[in-house]
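Engineer: Structure for this input, please:
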Amino acid sequence: MKKKLSIQLIWVIVIIAVILGLSNSFYHRFDLTADQRYTLSDTTKEIIEQIEDPLFVKVYLEGDFPAEFKRIQTETRQHLEELRSLNKNIVFQFINPLTKANELIESGLQPSKLSVQENGQVSQAIIFPYAVLEYQGKKQNVSLLSEAPAASQEEQLETSIQNLEFAFTDGINKLVQDKQRSVAVLRGNGELDDIYLYSALKKLGEYVHLA
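Structural biologist: Residues are numbered from 1 along each chain as shown. From the prediction side, this is the model:
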């Protein structure tokens, strides 16, 4: 009887070891939401497949910050793990921004002030909600905190989490595309003054050459 139990115990240990081994080399996130919000779009998958060289991702969401912001850290990590499961060229690391605060500010990444309520007291927390992508010598900053109008800080964080896929996919697409397409900007046809077109043209210029 004892021998039989020992054999069963050995098999259980072997099975657990195999499962742990597979989990280290395989990642899949099961999406049980009704609207499939955590399922990667076909567009994202097509863009990720275009990565042919190492793409380094530095995420500045590490360190001691309020508990409610741990979720965006966790969701960001899970999203990057899912992208890496599609393309092993994606390499990411989480960095404490306080160790590089001056460097980040000089590079144009401004910190965000957030209200934190603990033990009935409200205080301010400083975070750098950014990721910096580097690919083939080019860099692209990705903002992880939504700037869309929100009724509350909680709503802003929820919107930011839902926007993670677009934020990373858009940033990666800007690095991997060859940007050979050109768009001509015609003048003298009653268009708006340059001051009103600046924002739109600046955004368009991130994807194509303006002629």
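Engineer: Give me the domain ranges for the protein.
Structural biologist: 22-177, 180-211 (automatic domain parsing).
Engineer: Pick the most deeply packed of those domains.
Structural biologist: Greatest average neighbour count among the domains of the chain goes to domain 22-177 (a mean of 15), per mean count of other CB atoms under 10 Å. (Each C-beta comes from the backbone N, C-alpha and C, glycine too.)
Engineer: just to revisit the earlier point, comparing the domains of the chain, which yields the minimum mean pLDDT?
Structural biologist: Among the domains of the chain, domain 180-211 has the lowest mean pLDDT, at a mean of 51.
Engineer: which residues in the protein form strands?
Structural biologist: Using DSSP state E, the strands of the chain run over residues 55-59, 90-94, 112-118, 121-127, 130-135, 138-143, 182-183, 209-210.
Engineer: Out of the ones you listed, which is closest to Thr76?
Structural biologist: Ranking the strands of the chain by proximity to Thr76 (CB to CB) places strand 55-59 first, at 6.0 Å.
Engineer: quick revisit: indicate which one of the strands of the chain is closest to Lys45.
Structural biologist: Nearest of those (CB to CB): strand 90-94, 12.8 Å.
Engineer: could I get that closest one in CSV with only the CA atoms?
Structural biologist: The C-alpha trace of strand 90-94 is given here as CSV (Å, rounded to 0.1, in the frame of the first residue of the first chain):
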residue,chain,number,x,y,z
ILE,A,90,9.9,41.5,-27.5
VAL,A,91,12.0,42.0,-24.4
PHE,A,92,10.6,44.1,-21.5
GLN,A,93,11.7,45.2,-18.1
PHE,A,94,10.0,47.2,-15.3
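Engineer: still on that earlier bit, using TSV, lay out the strands of the chain together with distance to Pro66.
Structural biologist: TSV is the format used below for the strands of the chain (distance: least, CB to CB, whole Å):
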stretch	distance to Pro66
strand 55-59	17
strand 90-94	16
strand 112-118	4
strand 121-127	5
strand 130-135	17
strand 138-143	19
strand 182-183	43
strand 209-210	42
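Engineer: Of all those strands, which one comes closest to Asp170?
Structural biologist: Taking the strands of the chain one by one with CB to CB, strand 138-143 is closest: 7.8 Å.
Engineer: What helices and strands are in contact with the closest one?
Structural biologist: For strand 138-143, the packing partners by 3 or more CB pairs under 8 Å, 6 or more residues apart in numbering; DSSP states H and E come out as strand 130-135, helix 164-176.
Engineer: Now do the helices in this structure.
Structural biologist: 2-25, 42-49, 70-86, 101-106, 153-162, 164-176, 194-204 (DSSP state H).
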